[in-house]
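Asks: Pasting the sequence and the predicted coordinates here, then a few questions.
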Amino acid sequence: MSDHSATILWVRRDLRLSDHAALLAACAAGGPVIPVFIRDDSVDDLGAAPKWRLGLGIEQFAGALADTGSRLILRSGRALDVLRTLLDETGAKRVFWQRAYDPTAIDRDTEVKSSLKEYGIEARSFGGHLMFEPTSVETKTGGPYKVYTPFWNAVKTREVEAPRSAPSRIPAPDTWPDSETLESWSLGHAMNRGAEVVRAHVQLGEAAAQGRLGAFMASKVGDYNDTRDLPGVDGTSRLSENLALGEISPHQCWHAAIRAREEGKRGAETFMKELVWREFAYHLMVHTPRLLTRNWREDWDAFPWNEDERRAEVKAWKQGRTGIQFVDAAMREMYVTGHMHNRARMIVASYLTKHLLCHWRIGQKWFEDCLTDWDPASNAMGWQWSAGSGPDATPYFRVFNPVTQLDKFDRDRTYARRWIAEGQGNPPDTALSYFDAIPRSWGMAASDPYPDPIVDHAEGRKRALAAYENRSF
């Protein structure tokens, strides 16, 4: 039953007004709605690029709320403490939010819900970050799925709730509680001079995300089967950046793809499978949280990966100076844009874990620091898939040849030339911008000679297979 007391809308990775179940429920509750974003440890622990990108998203979302007559309150501290303080200040009787699924968030939200209910507050969580709640998809024997294809077959015909429109008005309180300032949070501090470079490649906010989806469905999805593996071609949706922060919902993407499939656009179902791959990652993270921090296949704990991040080979990999064009182009694309093509992600991960025999956690942590589309579940599953230690993983003995992969997917070297300046008489701005983004302490310049391979494919493959054959598990 509705009343006129306020509802606190706890905003997290759902920076949109449309298809926002918690927001719509708060508006329907009958009283004022007070949106709040809380800077807690989950924010402070983010890497440089995702924290900076979150700050941009919060600013954009605050502007969107202002256009509806609302505003976004910013507070810092432990979530439960912040919410209790706001409840006391505002007299609110409800706290609504949309669910998060990483282990830390689940523990936090469980404590918040339990404590607020004891406090006499209505505390409700809603779906929205995923299409299929991870606990709602089970095998015939009742357990979680461990392989993607059966998971896809289990959900592909499920009804996905249709997206809902944004509220036309968000009721505001007579008096707003005090708010901290986004500037005081300095969420972009660790980006240093790279922020200006990466900013040119960000498409920020809900309107931009919807524009991306519309453009992809109108002109790219038909050829998606052919172009999605070509890093030199603009053939993907690039929506991972917006999905990561909830600037668009997976439901909106799914229903757009269904319409495209009905129109005969042949890449639409492949795009739907990519959306479900993201769902599969969350399914695995919820059921086996070790996916984020330890080998999913526990017998891989005995594998002799190197874990020393100070090695010269690791530094060369991070700096895009391995002498392997596909790897170096990809690492530089990420540093300049905050994004890396999906085919390239597989190549750089395979090279680090197999050619260089380095632990996947080294790469996972670097991506956590550099990707604006960082997502805990997708990043962890991608790394473990490439390394061979994860669920439904590529077999360890399948070692991608980064040279022949470039021949196959970047035959005319469009991608390599776009991002590697060394050796080009007139390198493009994209390649040169890398040197504007990196730390000066790296001491790199476009005039440097391009390095010889630190480990070529034949040597790396031989070493990887020897380690695999001599494993003690």
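Replies: Great, that's in hand. Being a predicted model, the structure only gives us computed values, none of them experimental.
Asks: who's in contact with Arg199?
Replies: Leu56 (C-beta atoms under 8 Å, 6 or more residues apart in numbering). Quick note: C-beta positions are derived from backbone N, CA and C, even for glycine.
Asks: Tell me who's in contact with Thr337.
Replies: Thr337 neighbours (C-beta under 8 Å, 6+ apart): 198, 201, 372.
Asks: what's the spacing between it and Gln319?
Replies: Counting by C-beta to C-beta, to the nearest Å, the gap from Thr337 to Gln319 is 16 Å.
Asks: Torsion angles phi and psi at the closest residue to Ile106 other than its chain neighbours?
Replies: Nearest non-adjacent residue to Ile106, counting by C-beta to C-beta, 6 or more residues apart in numbering: Ala100, 7.4 Å away. Main-chain dihedrals, Ala100, degrees, to the nearest 10: phi -110, psi 160.
Asks: With Trp10 instead?
Replies: Main-chain dihedrals, Trp10, degrees, to the nearest 10: phi -80, psi 110.
Asks: Surely it is in contact with Arg94?
Replies: No. Counting by C-beta atoms under 8 Å, Trp10 stays clear of Arg94, with 10.5 Å between them.
Asks: what about the helices in the stretch 301-450 of the chain?
Replies: Taking DSSP state H, counting those that start in this stretch, the helices of the stretch 301-450 of the chain run over residues 312-319, 325-337, 342-350, 360-370, 376-387, 402-409, 414-419, 429-437.
Asks: no, scratch that, I was asking about the stretch 101-250 of the chain
Replies: So, for the stretch 101-250 of the chain - with DSSP H, counting those that start in this stretch - the helices run 103-118, 148-155, 182-185, 194-199, 205-219, 224-227, 240-244, 250-262.
Asks: out of these, deepest packed?
Replies: Across those, averaging neighbours per residue (mean count of other C-beta atoms under 10 Å) puts helix 240-244 on top, at a mean of 24.
Asks: residues making contact with that helix?
Replies: Helix 240-244 has contacts (C-beta under 8 Å, 6+ apart) with 13, 50, 53, 202-203, 208-209, 212, 248, 250, 253, 278, 338-339, 372-375, 378.
Asks: Okay, domains of this protein per the record?
Replies: 1-127, 130-160+203-287, 298-469 (automatic domain parsing).
Asks: end to end, how far does the second one reach?
Replies: Right, domain 130-160+203-287. End-to-end distance for domain 130-160+203-287, by C-alpha to C-alpha, to the nearest Å: 15 Å.
Asks: Quick one: mean pLDDT for that domain?
Replies: Taken as a whole, domain 130-160+203-287 has an average pLDDT of 97.
Asks: now do stretch 167-183
Replies: 97.
Asks: mind listing what's buried in that stretch?
Replies: Across stretch 167-183, burial judged by 16 or more other C-beta atoms under 10 Å covers 167, 170-173, 177, 182.
Asks: And stretch 77-87, by the same measure?
Replies: 79-80, 82-84, 86-87.
Asks: Which of those residues sits closest to Trp360?
Replies: Distance to Trp360 across the buried residues of stretch 77-87 (C-beta to C-beta) is lowest for Ala79, with 30.5 Å.
Asks: so the closest one makes contact with Arg108?
Replies: Yes. Using C-beta under 8 Å, Ala79 is in contact with Arg108, at 5.8 Å.
Asks: got any residues that touch both of the two?
Replies: Jointly contacting Ala79 and Arg108 under the rule C-beta under 8 Å, 6+ apart are Asp40.
Asks: which residues sit against the helix or strand Gly63 falls within?
Replies: If you go by DSSP states H and E, Gly63 is part of helix 48-67. Applying C-beta under 8 Å, 6+ apart, the external contacts of helix 48-67 come out as 11, 15-17, 35, 37, 43, 46, 71-72, 74, 170, 182, 185, 187-188, 190-191, 194-195, 198-199, 202, 204-206, 241, 244-245, 247, 338, 368-372, 374.
Asks: Which of these are buried, as a PyMOL select command?
Replies: This is the PyMOL syntax for the buried subset of the contacts of helix 48-67, where burial follows 16+ other C-beta under 10 Å:
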select buried, resi 11+15+16+17+35+37+43+46+71+72+74+170+182+185+187+188+191+194+195+198+199+202+204+205+206+241+244+245+247+338+368+370+371+372+374
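Asks: Look through this structure and tell me its longest strand.
Replies: strand 33-39 (DSSP state E).
Asks: so how far is Asp88 from the residue lying closest to Leu87 once chain neighbours are set aside?
Replies: Leaving aside its sequence neighbours, Leu87 sits nearest to Ile121 (C-beta to C-beta, 6+ apart; 6.2 Å). With the distance defined as C-beta to C-beta, Ile121 ends up 11 Å from Asp88.
Asks: So for the two, which sits in the more crowded spot?
Replies: Higher neighbour count among Ile121 and Asp88: Ile121, with 18 against 10, using other C-beta atoms under 10 Å.
Asks: who's in contact with the more buried one?
Replies: Ile121 makes contacts with 87, 92-95, as judged by C-beta under 8 Å, 6+ apart.
Asks: so of these, which ones are in helices?
Replies: Secondary structure assignment (DSSP state H) places Leu87 from the contacts of Ile121 within helices.
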